[in-house]
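Q: Next come a sequence and a model predicted from it.
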Amino acid sequence: MSATTAITPKFSMMTTPCRICFKAAKWLPVLFIVTVVVWSYYAYVIQLNLFTIASIIEKCFYLIVYHVLLGLFLWAYWQTIFTDIGTVPKQFRLPPTELDRYESAETDEVRRDVLERFIQKHSLPVYNRTMTGDIRYCDKCVQVKPDRCHHCSVCGVCVLKLDHHCPWVNNCVAFTNYKFFILFLGYALLYCLFIGATTLQYFIKFWKKLMSTAIDAYSRISLMLMESFTYCSSSSFPLCSPSVWYLCLGTMFS
Ligand SMILES: [Zn+2]
Ligand SMILES: [Zn+2]
């Protein structure tokens, strides 16, 4: 079943303008991350390396390592966002006759029997059961759920080995892109740490110079705030903290 046909009833009831707005809003977190990366590029490459650092060797070393990390980070991010999520193969979907019998069944026992016969007839490899011992079945996608498959309410489809739906990549993190997601977190962490470490000495120098400069308190606070904002955004701290958290979780539970 494709992502376009299996839409949730709530989503399908929306009018077309609402649906477009909903789809556009889902890209806002991705836009935020792209904006942070673009700003960090400007602050690190243009402001720091081209205008501030005097040593050619230091400049070249920083720029080469930075661009390698940036390339790896963007590649992993792209793959995480645009890799197709693994949807359930067609043979797990109930054919019309079995669907009729399932939906017209009056008791849970009859429904259970329909599903048991269905998976035996097609030799489907389904071993997980619900808490009540039933075969896992999705009413929205009208299909049997393979093991470790879950329905994503944002994408509106059942997804193989679904971990979670991540708003920062506007995609499910699941069977097909889990590796890219872990790589994206790892490269994001390295990218943040590298920028944070290489800009720290210039950040401290700026503060020391500012403290010894005879300017009024208002201008000093404004400059401090501006420089702090530049340092935090260029070293991508908003990316760094969730990356550490997700990376730890991914390593522990993968
Ligand atoms: Zn489903
Ligand atoms: Zn999803």
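A: Here it is on my side, so go on. Ligands and ions are numbered 1, 2, ... in the order given.
Q: Surely residue 93 is in contact with residue 143?
A: Yes - assessed by C-beta atoms under 8 Å, residue 93 is found in contact with residue 143 at 4.2 Å. The C-beta positions use only the backbone N, C-alpha and C, and glycine is treated the same way.
Q: In terms of neighbours, single out the busier of these two.
A: When residue 93 and residue 143 are compared on other C-beta atoms under 10 Å, the one with more neighbours turns out to be residue 143, at 24 against 16.
Q: Flag every residue of this protein that's near ligand 2.
A: Residues of the chain lying close to ligand 2 by C-beta under 5 Å from the ion are 152, 154-155, 165, 172.
Q: which two in these are spaced the farthest apart?
A: Farthest apart among these by C-beta to C-beta are 154 and 172. That separation is 7.9 Å.
Q: When those two are compared, which one has more neighbours?
A: Neighbours were counted for residue 154 and for residue 172 using other C-beta under 10 Å; residue 172 has more, 28 against 16.
Q: Which residues are in contact with the more buried one?
A: 85, 152, 154-155, 159, 162-166 (C-beta atoms under 8 Å, 6 or more residues apart in numbering).
Q: Moving C-terminal from the host helix or strand of it, which element do we reach first?
A: Using DSSP states H and E, residue 172 maps to strand 171-173. If you walk from strand 171-173 toward the C-terminus, the next helix or strand you reach (DSSP H and E) is helix 178-212.
Q: Now do that following helix: which elements does it pack against?
A: helix 56-82, helix 217-234, helix 237-253 (3 or more C-beta pairs under 8 Å, 6 or more residues apart in numbering; DSSP states H and E).
Q: let's go with 10 Å and repeat that
A: helix 28-41, helix 56-82, strand 164-166, strand 171-173, helix 217-234, helix 237-253 (3 or more C-beta pairs under 10 Å, 6 or more residues apart in numbering; DSSP states H and E).
Q: Could you check the second one and say which residues are buried?
A: When you say that, I think you mean helix 56-82. 62-63, 66, 69-70, 72-73, 76-77, 79-81 (16 or more other C-beta atoms under 10 Å).
Q: Closest to residue 202 out of those?
A: residue 62 (10.9 Å).
Q: Could you report the pLDDT at that closest one?
A: Listed pLDDT for residue 62 reads 94.
Q: ditto for residue 23
A: 86.
Q: I'd like to know how far it sits from residue 87.
A: Distance from residue 23 to residue 87, counting by C-beta to C-beta, to the nearest Å: 19 Å.
Q: Neighbour count for the two, which is higher?
A: Set side by side, residue 23 and residue 87 show more neighbours around residue 87, with 23 against 12, by other C-beta under 10 Å.
Q: Look at residue 162 and report its pLDDT.
A: For residue 162, pLDDT reads 94.
Q: Hmm, it is touching residue 148, no?
A: Yes - if you go by C-beta atoms under 10 Å, residue 162 and residue 148 touch, sitting 7.6 Å apart.
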